[in-house]
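Enquirer: Sharing a model prediction with you, sequence too.
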There are 2 protein chains.
Amino acid sequence: MSYASFASQPCTLGRPAALLGERWTLLLLRQIFLGTRRFEDFQSTMEISRSVLTDRLNVLLQEGVLKRVPYQHEGRTRHEYRLTEKGRDLYPVLMALRTWGEKWMAPEEEDESFHLHHRDCGGGVRAKVECTECGVELTARDVQVTARQ
Amino acid sequence: MSYASFASQPCTLGRPAALLGERWTLLLLRQIFLGTRRFEDFQSTMEISRSVLTDRLNVLLQEGVLKRVPYQHEGRTRHEYRLTEKGRDLYPVLMALRTWGEKWMAPEEEDESFHLHHRDCGGGVRAKVECTECGVELTARDVQVTARQ
DNA sequence: TAGCTGAGTTCGAAAAACGAACGCAAGGGA
DNA sequence: TCCCTTGCGTTCGTTTTTCGAACTCAGCTA
């Protein structure tokens, strides 16, 4: 009753936080952004139980983050899970996590399981927060929070 | 055994995702960024059970995201939970969630529980991903993923 | 016809979360 | 001194989630 209630609140931070804050969901999205698309592949790479995987995929389908796309495999029709536009728009969330992880959790120099590069110029990838007016980069201290009512 | 194993993996995306992907942790961080600092206030504003709140706060303390800071209240010494520098650096993650929520989950026009403004110019706040070399804004499709080994 | 495969579903056991009650230290009032 | 209050947890029995192994099912393939 209490955790689920955040999902129906009109807070544009609370609702996404409750959705992605469910166990496995962030790790599932990570796997999807790394290219995994099939049930069996999620199951084997993440060691998640099948029933929970089914549940999380269905929640993301319902929310419109994923869509099921048919494809042919050995002459048979199968379905794979792909990001919708809404889902692809979660990229900054994952990249913000990674940017933070690289700064604060990097186990050793260059001990990564994968690398990311800008296709056009080969540069690295970094998440940041900026002002929509003046374009300057912002930290928590540069931002004023105003409660409504 | 399986979910916890991500916490010890050398992936700079997987480890943060497992840490913040535990139930209540993202909502707890949201509350902290909104200014809540005391046990009782977390408990009453979030309707989280006291035992789980204790556990999540301790995990964030252990990870160095939060610190306990003594303060005086009615002549007595109390402790409050505050973000460390590591914790404040999670701001882009929360802002990325909010940027996404505003685009895809806004219930109605301007039906927010709070507003955010750049202190200096009054502008809005937006998370984005950019290239560390050429500075251009990136989407998932602009980025090449290269697995190691 | 039997076996295989991908994608789930089912179900009993284990783990996590819930929530009400309890503990405790220190200050204030009578 | 004794009792009440407050803030911050801890305990513990119950409910909810998760786990994991087994089962299902449809459609190839041998």
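Expert: Right, received. Where do you want to start? Numbering: from 1, shown residues only, chains lettered A, B, ... in the order given.
Enquirer: all helices of chain A, in order?
Expert: Remark: helices of chain A, listed N- to C-terminal, are A:2-5, A:14-20, A:25-33, A:39-46, A:50-62, A:85-88, A:91-104; assignment by DSSP state H.
Enquirer: right, so of the ones you listed, which gets closest to A:Gly122?
Expert: For the helices of chain A, the distance to A:Gly122 is smallest for helix A:91-104, at 16.9 Å, taking C-beta to C-beta. All C-beta atoms are positioned from the backbone trio N, CA, C, and that covers glycine.
Enquirer: List of residues touching that closest one?
Expert: Outside of helix A:91-104, the residues within contact range by C-beta atoms under 8 Å, 6 or more residues apart in numbering or on different chains are A:16, A:20, A:26, A:29-30, A:33, A:116, A:125-128, B:11-13, B:15-17, B:20, B:64, B:86, B:89-90, B:92-93, B:95-97, B:99-100, B:127-129, B:139-140.
Enquirer: and A:Ile32, what is it in contact with?
Expert: A:66, A:81, A:83, A:87.
Enquirer: ok, and the closest non-adjacent residue to the second one?
Expert: Right, A:Tyr81. Nearest non-adjacent residue to A:Tyr81, counting by C-beta to C-beta, 6 or more residues apart in numbering or on different chains: A:Leu66, 4.9 Å away.
Enquirer: any idea how far the residue most central in space within chain A is from B:Pro70?
Expert: Among the residues of chain A, the one closest to the centroid is A:Leu29, at 4.3 Å (C-alpha atoms, centre = their mean). From A:Leu29 over to B:Pro70 the distance is 39 Å, taken as C-beta to C-beta, to the nearest Å.
Enquirer: Can you pull the residues of chain A lying near DNA strand C?
Expert: When proximity is defined by C-beta under 7 Å from any atom of the strand, chain A lies next to DNA strand C at A:1-3, A:23, A:38-41, A:50-51, A:54, A:57, A:73, A:78-80.
Enquirer: buried ones in stretch A:142-149?
Expert: Of the residues in stretch A:142-149, those buried under the neighbour-count criterion (16 or more other C-beta atoms under 10 Å in any protein chain shown) are A:142-143.
Enquirer: same thing with stretch A:77-97?
Expert: Buried residues in stretch A:77-97, defined by neighbour count with 16+ other C-beta under 10 Å: A:80-81, A:83, A:86-87, A:89-97.
Enquirer: Adding pLDDT and distance to A:Thr146, write these out as TSV.
Expert: Converted to TSV, the buried residues of stretch A:77-97 look like this (pLDDT from 0 to 100; distance: C-beta to C-beta, whole Å):
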residue	pLDDT	distance to A:Thr146
A:Glu80	95	44
A:Tyr81	97	39
A:Leu83	98	33
A:Lys86	98	28
A:Gly87	98	31
A:Asp89	98	25
A:Leu90	98	26
A:Tyr91	98	28
A:Pro92	98	23
A:Val93	98	24
A:Leu94	98	28
A:Met95	98	27
A:Ala96	98	23
A:Leu97	98	27
